[in-house]
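Asks: Got a sequence here, can you build the structure:
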Amino acid sequence: MKIQSIDSKRRLILPGAEPGESYAVRQTASGHYELAKVIPAEKPKPSAEKLDALFRSAALTPKTDWESLRRQTREP
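Replies: Just a heads-up that it's a prediction; the model follows:
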């Protein structure tokens, strides 16, 4: 049995684990833990039309053109 230590940031290195993998941790008994690998569900790629609509409706997208914004923010 190989023994692993927890580092100062409370991390544990799992042999055979790849970066980016996720595990669900459950305590089964006092001092015993069970790990289950979490596999995310596949998400369908959004279409180009949906992405365009999302970008147009984004809150950080300015709704006015530069000239009208400049007129509103400059002192007369």
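Asks: switch to C-alpha atoms for all contacts and neighbour counts from now on
Replies: Will do.
Asks: residue boundaries of the strands in the chain?
Replies: Here the chain has its strands, by DSSP state E, at 22-29, 32-38.
Asks: Out of these, which is closest to Lys45?
Replies: When the strands of the chain are compared by C-alpha to C-alpha, strand 32-38 sits nearest Lys45, at 20.9 Å.
Asks: looking at the strands of the chain, which is closest to Thr64?
Replies: Per C-alpha to C-alpha, nearest to Thr64 of those: strand 22-29, 43.4 Å.
Asks: strand partners of the closest one, parallel vs antiparallel please.
Replies: Sheet pairing for strand 22-29, assigned by DSSP bridges, gives strand 32-38 (antiparallel).
Asks: Name the residues that touch stretch 6-13?
Replies: Contact with stretch 6-13 is made by 4-5, as judged by C-alpha atoms under 8 Å, 6 or more residues apart in numbering.
Asks: same question for that stretch, mean pLDDT?
Replies: Across stretch 6-13, the average pLDDT comes to 90.
Asks: okay, that stretch in CSV with CA atoms only?
Replies: C-alpha atoms of stretch 6-13 as CSV (Å, rounded to 0.1, in the frame of the first residue of the first chain):
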residue,chain,number,x,y,z
ILE,A,6,-1.6,16.0,2.4
ASP,A,7,0.3,19.2,1.7
SER,A,8,-0.1,22.6,3.4
LYS,A,9,-2.9,23.6,0.9
ARG,A,10,-4.9,20.4,1.9
ARG,A,11,-4.2,18.7,-1.4
LEU,A,12,-3.7,15.0,-2.0
ILE,A,13,-1.9,13.6,-5.1
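Asks: Perfect, I'm done here.
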